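J.: Let's see this in three dimensions:
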Amino acid sequence: MSQNRPKSHQVASRKVVAKQIDDVLAGIRVPDLPYPAGKLAPETVSDWQPLLSSCWTEQRNERVTHVLRSVQLDWSVRQINSAYVADRIMDVFLKTSGLHPQIVQRIARLRFYLAWRMNLEGNLAFSDTLLSWLDSLQEWRGWSDSGGRSSKALLDQLDTLVVAVSAAFESGTAGTVNTFCQQWQDDSLRRNAQIGKLRQRLLETEQGAARQRRADQTARALIGRALQGRKLPQPVLHFIFDHWQKLLKQAVWDAGVNGETCKHGSKLLEWLVWVGDPSLSDKDRNRLYHVGEQIGDRLLDVWSRVFDHPLTPNALAGIGTVMMSRLRGETPELVEALPDQASFPWSAAWLSFEVPLQSDFKPFESKWFVEGEGAAEQRRYFCSLLEDTAEILWTNGTGVKLGLQPWQAFCEAKTTGSIRPLPAQTPFGEVLEGTVELLAGAFEKQRKQREQAAEAARARADELRREREALELKRQEQEAERQAILECERQEAENKRLANEQAEQERLYIEKTALAQKQVDNINLGGWILEVSNQPETEATRLKLAVRTNASRKLIFVDRLGLNRREFQEEELVLAIVEERIRVLGGAAEFDDTLSRVVGRIRVGR
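T.: Next up is the predicted model:
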């Protein structure tokens, strides 16, 4: 299995592909696929294993995404992306693998298995064992549905694949598939060794047969050219067909048509025809005698050069009889020298045969070619050009001979397009890498678009926020300005009210002071006042005016007993009355009423 082990650069490349597959499965979004409206809870995601298993068992050629659309179930984003990736890989493999349509169609049905495994394992669905097996399918690029044993053998192996994948669906693991791939690889090693040996033995056999055909066809051409249109005695014809054809064939085999032996044999054939045909030899009797004397010895000499055994005496008896008859001037009984074309086919082309230049045919050797179209196409392997006959040895993928084709016929067929080189094949690993790289590129583009959209959304949100903040700030400024105006108006109103109130209080104070002054002025000696104490528990003191001095404007009050003397300046007493610390008990009633109204207005104003 060493030749099927991935190379180091392939391993590195597949590691990159592995990461890309996981990214694609998680993040790509494909238009028109039935993605869920939102993120589904794990318990609400439909189980697709029975559905995919059924599609595989029935060997359906549908896409997995088409199957998902055909049923009304809830699929997760990962399931849909797994189905899409499996479809894309197998669709590309169908177009570029170069395998026979029947093979690649059956392999492409693995899309159901791969979608199932990718949903479960991501990139681990493409194990090294599976990829090595899929890559090794290129050895079957020459397979055609010929109905032969080798053709059926491959179809039987693919039937075994159906069983292995079905078992994997049932068990929920990839074990049976990996086992199948490993067994296939082991069988492939043994088969390839056998094919190489079989093809080499076939080539050696066909090269020997081609050399024999070349000798036989050249001998036939020499005889056909010599006998064409002639009538000869039957003994001469018997000798030519029974003995001399064999000699010419062996001479060509030994040294080719340009060998000395073949040239001598061909010259002696012409002498036999000249001697046996009276229309040729009767014109020169002297030469006829001369040839008649030598021809027997010449025939035996050439024969001895070619064969180890001598020519039988009876073989030349007929020739001798004809010679004696001709020398006596008799005309022997003549018959048509050549039988019909079906009994003795020959072609003069073998006499001018030239081997094609190696530069012309070498590029095509060990290459595959295709005849036909679609499922009916037949593939054949240009095993080698048999240079002795300029024939192409065609084989199939297992080293079995398919037939021979003249080089010229191949060139004409290639020119007309009826036979064409097998298009370049693409191993599955390259299909996988190329497809995943394209999908990863699409995913990366979508990711950047989403980032750009998110950034644009954030920028728009920031812009809207700034606009809202600006509007709010403007509103606040307008509100502050309005409040400032209102506050200013309120303050003005308040100041005006306070000013009015102060003015009113000042007016009332003036009035109250005037009334208090008047009341003080009207207090006569013996008039009573009531001094209110600042202490709630102390009773007010009643005092009587005892002395008034106009010069110093001083008033002296005493209590009932004439004690507890108190002196007030007139202004001080007026102020105490205004502040209601002292109350005048004497005086007119209208003064008391007026004072009460003044005090009431002051209280209401406050």
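J.: Got the phi and psi for the closest residue to Arg60 other than its chain neighbours?
T.: Spatial nearest neighbour of Arg60, excluding adjacent residues (CB to CB, 6 or more residues apart in numbering): Arg109 at 7.2 Å. In short, each C-beta sits where N, CA and C put it, glycine included. When quoted as degrees, to the nearest 10, the phi and psi of Arg109 stand at phi -70, psi -10.
J.: low-confidence ranges in the stretch 351-500 of the chain?
T.: 375 (pLDDT under 70).
J.: name the element the residue nearest the centre of the chain belongs to?
T.: When CA atoms, centre = their mean is applied to the chain, the residue found nearest the centroid is Thr435 (2.7 Å). According to DSSP states H and E, Thr435 maps onto helix 428-522.
J.: Name the surrounding residues that touch the helix or strand following that helix.
T.: Next along the chain after helix 428-522, taking DSSP H and E as the criterion, comes strand 528-531. With contacts defined as CB atoms under 8 Å, 6 or more residues apart in numbering, strand 528-531 is touched by 523, 540-545, 557, 566, 576, 581-586.
J.: so of those, which ones are in helices?
T.: Judged by DSSP state H, those include Ala576 as members of helices.
J.: Flag the least confident of the contacts of strand 528-531.
T.: Between those, the one the model trusts least by pLDDT is Gly586, at 65.
J.: Please, which helix or strand holds Gly399?
T.: Counting by DSSP H and E, Gly399 is part of no helix or strand.
J.: any idea which element the residue lying closest to Gly122 once chain neighbours are set aside lies in?
T.: Spatial nearest neighbour of Gly122, chain neighbours left out: Asp22 (4.6 Å); criterion: CB to CB, 6+ apart. Element membership for Asp22, per DSSP H and E: helix 8-27.
J.: shaky segments in the stretch 151-300 of the chain?
T.: Judged by pLDDT under 70, the stretch 151-300 of the chain has no weakly predicted residues.
J.: all helices for it, in order.
T.: 175-227, 234-239, 245-255, 260-276, 278-281, 285-306 (DSSP state H, counting those that start in this stretch).
J.: that older thread, can you pull the pLDDT of the residue nearest to Gly122?
T.: pLDDT, Asp22: 90.
J.: Leu124 is in contact with that one, correct?
T.: No: in this structure, Asp22 is not within contact of Leu124 by CB atoms under 8 Å, at 9.4 Å.
J.: Quick check: the gap between Glu501 and Val578.
T.: Using CB to CB, to the nearest Å, Glu501 is found at 17 Å from Val578.
J.: Oh, that last question was meant for Leu473, not what I typed.
T.: 55 Å.
J.: My guess is Gln102 contacts Ser151. True?
T.: No: counting by CB under 8 Å, Gln102 does not reach Ser151; the two are 9.7 Å apart.
J.: Overlap in contacts, these two.
T.: With CB under 8 Å, 6+ apart, Gln102 and Ser151 have common neighbours Asp145.
J.: who's in contact with the closest residue in space to Cys262 that isn't next to it in sequence?
T.: Excluding the flanking residues, the one nearest Cys262 by CB to CB, 6+ apart is Ala251, at 4.1 Å. Contact analysis of Ala251 by CB under 8 Å, 6+ apart lists Gly259, Thr261, Cys262, Gly265, Val306.
J.: switch to 6 Å and redo it
T.: Thr261, Cys262, Gly265, Val306 (CB atoms under 6 Å, 6 or more residues apart in numbering).
J.: Thanks a lot, catch you later.
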